[in-house]
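Chemist: kindly return the folded structure for what I paste below:
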Amino acid sequence: MNYDALNPWLYTQVLDDLESVFSHKPFQILFYGSWERGQANSESDVNFYLLAHSTDQMKASFVDSVLNALKPMEKVAPINMIAGDSESLKHRMRLFEPGCLQLLENSSVFFGESLIDTLRSDWNKIKYNSIPRKELIQYLEKRIRFFKQQTTRNLKEEVGQLERIATLSLHVWALKTIEDLTISELLAMDIPSQVVGLFQNLYHSELDEPTLALLKVIERIYDCKKRVRWKKEITREEMHELKYKLVHIRKDEELLVDLWA
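Modeler: Here you go, the predicted model:
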């Protein structure tokens, strides 16, 4: 783990608090993203992945206890925590899903033991197999439908929803279009600071007009994320324009209904 990214005193305090969190099964917290890679900037969140048994995750008190234990890390940067269980992660691993590969290849253990080690052992046995494109595309399109139907409660969630739909749409395009995709490219697709450059530089000869337009939308979404972070104004007109552009690029009338539902 890149300990230089974290305040040692805060890290010790958080570990002590995590030790006191009650759970029915062992759980593990993974540290990933730009802070872990040593590439953080003023816009970077501190990213954690809570790997826990589904029995514990069903209890809101458990997840809240973990978040409260991590709260002192907000002195470093805002915290972003995603939760999942080993079985769902294993399913995503078999599909070569980019977000899962990010955890398997580029995360470190922040708290707990053994859970990710078993998954990494399984991953090392299959990582040189061919990417199961058809199954992965089906999974990503299912995730797009899920995010389309999400009800957002604030501007941050609204921007996040657009980011996920746009980014996953890029992933689907690459899987359908680029014949010689590598694991490294799948990993880069899941890193916001790298995804636009990856597509513009590596796939420039394959890019069509809709995908070029989608890249521009993603850049605008990233700008909106920064403005939300620093509490700068984003007008409803800007958000509506982004939504309309995304609907037009995807040729997705259902998306138009869902985003304004």
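
Chemist: got the contact list for residue 135?
Modeler: residue 95 (CB atoms under 8 Å, 6 or more residues apart in numbering). Every C-beta, even on glycine, is put in place using the N, C-alpha and C of the backbone.

Chemist: now name the helix or strand holding it.
Modeler: helix 133-148 (DSSP states H and E).

Chemist: which parts of the stretch 101-250 of the chain are helices?
Modeler: Secondary structure of the stretch 101-250 of the chain (DSSP state H, counting those that start in this stretch): helices at 115-126, 133-148, 155-177, 183-189, 192-202, 209-229, 236-250.

Chemist: who wins for proximity to residue 13 among those?
Modeler: Residue 13 sits nearest to helix 115-126 of all these, at 23.1 Å, using CB to CB.

Chemist: show me how far the closest one is from its chain's centre.
Modeler: 20 Å (CA atoms, centre = their mean, to the nearest Å).

Chemist: got a list of what residue 25 touches?
Modeler: Going by CB under 8 Å, 6+ apart, the list of residues near residue 25 reads 52, 53, 55, 56.

Chemist: so what's the residue count around residue 124?
Modeler: When neighbours are counted by other CB atoms under 10 Å, residue 124 registers 10.

Chemist: all further residue positions should be reported with the first residue as 742.
Modeler: Let's use 742 as the start, then, which means that last one is residue 865.

Chemist: any idea which element the residue positioned nearest the centre of the chain lies in?
Modeler: Geometric centre of the chain, nearest residue: residue 840, 5.7 Å, by CA atoms, centre = their mean. Per DSSP H and E, residue 840 falls inside helix 839-847.

Chemist: export that helix as PDB, just CAs?
Modeler: In PDB, the C-alpha atoms belonging to helix 839-847 read as follows (Å, rounded to 0.1, in the frame of the first residue of the first chain):
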ATOM      1  CA  PRO A 839     -12.900  -3.300 -15.800                       C
ATOM      2  CA  GLY A 840     -13.900  -2.100 -12.300                       C
ATOM      3  CA  CYS A 841     -13.200  -5.600 -10.800                       C
ATOM      4  CA  LEU A 842      -9.900  -5.900 -12.600                       C
ATOM      5  CA  GLN A 843      -8.900  -2.500 -11.000                       C
ATOM      6  CA  LEU A 844      -9.400  -4.100  -7.600                       C
ATOM      7  CA  LEU A 845      -7.600  -7.300  -8.500                       C
ATOM      8  CA  GLU A 846      -4.600  -5.600 -10.200                       C
ATOM      9  CA  ASN A 847      -4.300  -2.200  -8.600                       C
END
